[in-house]
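Colleague: Pasted the sequence and its predicted model underneath.
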Amino acid sequence: MTIKIENDGYVNCKSNFYSAQDIISSDTVYLFDTGINKLIGEIDSGIWAISYLLSMYDFIPQNFVLFKDAVLTVNNERISLNEFCKYSCYLDESYPLFNTKKSVKRLIEEGLKKSKLTYSVQQIKDIFLLDEELFERPAHQVGNERFRAMSAIAFAHGKKVFCFPWLSQKRYNYYNNNILKLLEILNQLEMIVILPIGYSGQD
């Protein structure tokens, strides 16, 4: 799968960690392919805005001030942002699917009923390496397992595009082992991952 998008405007990006007004410039055309798409830049360099736009536009339209309709294609076929958001998710507790007191297990069960995927709850738990005890908690209560838990829920609901919030290099390093394992899992499942992170000291 190949995603191509360009737009122009302001985006009020928010996550459990940060908030920032970011800018999308029509001077930049973003291309994303199946696998891991890592974007390196500052918090307001446009990379968070594009990840947020592709996953949250349908839920919080007031956070977007766009000067024109997005030019968005999937495999060269034009698609609206609203339609695209049915297939994407934002890996943060602010995303509606995760903003609940329901357990990770319950949300996976609900997702499989909706998506009709031929996986069992146990299979998804094993694929995403989820802890048995944490499996019975809401996604916001699973500690460093949060990204794997949210991804497991989204996968069960049939999501294909996994958009991270912007992470500073320090925070990315803090979650490093958990994120790297998740990226490996999502890559094997042939999902699209959009990962905006800050510069390292070597960049």
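Modeller: Arrived safely.
Colleague: Neighbours of D8, how many?
Modeller: Neighbourhood size, D8 [other C-beta atoms under 10 Å]: 16. From N, CA and C alone the C-beta is placed, and that goes for glycine too.
Colleague: Not counting its neighbours along the chain, what's nearest it?
Modeller: Of all residues not flanking D8 in the chain, S26 sits nearest, at 4.0 Å (C-beta to C-beta, 6 or more residues apart in numbering).
Colleague: same deal with K68?
Modeller: Residue nearest to K68 in three dimensions, not counting chain neighbours: D8, with 5.8 Å by C-beta to C-beta, 6+ apart.
Colleague: which residues sit in contact with the one you found?
Modeller: Neighbouring residues of D8 by C-beta atoms under 8 Å, 6 or more residues apart in numbering: I24, S25, S26, L66, F67, K68.
Colleague: Could you rank those by neighbour count and give me the top one?
Modeller: Neighbour counts for those (other C-beta under 10 Å) peak at I24, which has 26 neighbours.
Colleague: show me what contacts the spatially most central residue of the chain?
Modeller: By C-alpha atoms, centre = their mean, the mean C-alpha position of the chain lies nearest to C163, the distance being 2.1 Å. For C163, the contacting residues are S51, Y52, L54, S55, S88, C89, Y90, L91, I194, by C-beta under 8 Å, 6+ apart.
Colleague: Quick check: the gap between V29 and E132.
Modeller: 45 Å (C-beta to C-beta, to the nearest Å).
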